[in-house]
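In: got a sequence here, can you build the structure:
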Amino acid sequence: MSIDTLQLRGRKQVAWLRAKPPDDARRALEEREFVVTTCTDEELRDGVYLAGLATVVFAQDPTKLYQVSRDLQAHSKRLLDYDCRIVVRPAETDKSSGTPLVAKVVAKLRLPTAGLNGDETILPPLPHVQVYQSGVPWSVIANFIADHRPGKAPNQSLRIQASAPLQPDCDLLLRRAFADCAEIHLVPLDGGRSGASVYRAYAELAGGELGRWPLPYFVKFGNREKIFAEYENYRARVDPYVPFHLGPHLIDTRCCLGADKGIIVGDYVDESESLRDCARDGRGAQAIACLFDRTLHGWYRDATKEPTAIAKLLSFPRSLPSARFAMAQKLGATRHLTELRQLFNRCHSQPTMWGPVHGDLHAANVRVRATDAIVIDFLSHRQAPLVYDAACLEASLLVDGFSDEDTADFETTRNWMNSLSTLYTSTPLDLAPSHTNPKYRCSWFYLCVRQVRLYARRMECGTDQYAAALAVALIQKACKDPRAPEPEALRRAAAFVFAEAVLDSTFGSKQSRSPNP
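Out: Next up is the predicted model:
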């Protein structure tokens, strides 16, 4: 099913748990071609039974007020994971210290809920718990059930194969998303650190019209709220503005939500590689040009000049892992994070170009096919200074683009930093750095930085704005993943040193302190 609404004619059973359906409820539902029954706790634990169930009604018994609380705790999350609709009918006497028991239990279980206290102004996406007070006619409830039918039941015979362990709670969502398939094979994809799992999926259809093997998909699991937020970003902010061939597109009928988790499925960018791998091979400059000239142009062209300094528009990191800072000190860092924040706050240049940005434009979120740059992962899409996207990309290429061999130990890392130091110690920050000798291992990075900063120059409205944004992006890289293994940890510590160099040379006292590294 799609996350919002999809009209399907299956799953016609509406059941009351251990209670006889009222005559007016039965009549209203049967008029809409539903089968009305009474069910048991055992049936609500049976996957075969749930496969034909459209809705469960929990009618609170005035003589056993607390029973509905126990019933929701026992069954609600399983029902939502099966995409069953849940209707709760509180008793008029349901009051406990002024707060209804139903409200307490849905809050405790963190269930997506609508209709508490009769409020219909905020409706979470389906599936959710729908509360109807005693005065609401059954015809209204029956209309809701008829208008919002569940999607296909999970395909229990689907063969799921994966080249790495899957999250334990994603099984039902996969079986719902690929209910029309006989088999699906999942291959993990590298990506961000948002807590979501991303896979390339190869499906075998149970009855494909043109063949059993459609084109591959991407599949992303994660927290329900985050998955739905990204789903909405695709619909409202990606499809209308990113060229069709430069962004993946969701497949509504395979996107679905459960009680706590969600899944989105879309076209996989086949025959592509990450910008990180492309850049290492010296082919990144053309892809970066496409990224800023075409892929993201639909967002950037609507940017406006915000009469505020960039130091007030970007969030400066608040803490750095102590072990990471100790490592940065060994590589040449001399200032603490609070001192760097003070330097960052000296960026008073305004106005600032403000508009829609990707928000997490790291090198693995850009796929390259020939010279096309295809952007993925839109969870962090938001309004921000435009230069922040360019800064995030440069910081990512620095930390994620180089191999572990380049930063195998402290001595190797220092040599690597020396080869890049001119990029971060110039005053003002050079927005068109010179080319370097192509024989050097870091020459690919100079090419990419030159291209990124040429576009960053067009995004600036005043001096030093990119320097401030780049320092923030570098420090964010330094702060993340405190348990990263040492070759990567050394590059993250180096990012902190380079951020200090940028801030010190741009906003610090050059008479009293020489730039680092």
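In: how about low-confidence regions in the stretch 51-200 of the chain?
Out: Along the stretch 51-200 of the chain, the model assigns pLDDT under 70 to residues 94-99, 118-121, 190-196.
In: how does it look with 80?
Out: Low-confidence segments of the stretch 51-200 of the chain (pLDDT under 80): 92-99, 117-122, 167-168, 190-196.
In: show me which positions of the lowest-mean-pLDDT helix or strand in the chain end up buried.
Out: In the chain, the helix or strand scored least confidently by mean pLDDT, DSSP states H and E is helix 101-109, which has a mean of 89. Neighbour counts using 16 or more other C-beta atoms under 10 Å place 101-103, 105-106, 109 of helix 101-109 among the buried residues. Every residue, glycine included, has its C-beta placed from N, CA and C.
In: check stretch 229-243 too.
Out: 229-234, 237-238, 241-242.
In: now go through the residues you listed and say which are in helices.
Out: Among the buried residues of stretch 229-243, the members falling in helices (DSSP state H) are 229-233.
In: per-residue pLDDT, the residue most central in space within the chain?
Out: Computing the C-alpha centroid of the chain and ranking residues by C-alpha atoms, centre = their mean puts residue 379 first, at 3.4 Å. The per-residue pLDDT reported for residue 379 equals 90.
In: wait, it touches residue 229, no?
Out: Yes. When contacts are counted by C-beta atoms under 8 Å, residue 379 is listed as touching residue 229 (6.4 Å).
In: where does the nearest residue to residue 38 once chain neighbours are set aside sit: helix, strand or coil?
Out: Distances taken as C-beta to C-beta, 6 or more residues apart in numbering place residue 16 nearest to residue 38, at 5.2 Å, with adjacent residues excluded. Three-state call for residue 16 (DSSP: H, G, I helix; E, B strand; the rest coil): strand.
In: how many neighbouring residues does residue 20 have?
Out: 10 (other C-beta atoms under 10 Å).
In: just give the number of residues close to residue 79.
Out: 23.
In: oh, that last question was meant for residue 308, not what I typed.
Out: There are 13 residues near residue 308, going by other C-beta under 10 Å.
In: what segments of the stretch 351-500 of the chain are helices?
Out: Counting by DSSP state H, counting those that start in this stretch, the stretch 351-500 of the chain has helices at residues 387-401, 410-420, 422-425, 443-459, 465-479, 486-507.
In: in a markdown table, list those helices along with distance to residue 157, mean pLDDT and mean neighbour count.
Out: Compiled in a markdown table, the helices of the stretch 351-500 of the chain are given as follows (distance: least, C-beta to C-beta, whole Å; pLDDT from 0 to 100; neighbours: other C-beta atoms under 10 Å):
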| stretch | distance to residue 157 | mean pLDDT | mean neighbour count |
| --- | --- | --- | --- |
| helix 387-401 | 40 | 97 | 26 |
| helix 410-420 | 52 | 94 | 16 |
| helix 422-425 | 56 | 92 | 22 |
| helix 443-459 | 48 | 94 | 21 |
| helix 465-479 | 45 | 97 | 28 |
| helix 486-507 | 42 | 95 | 25 |
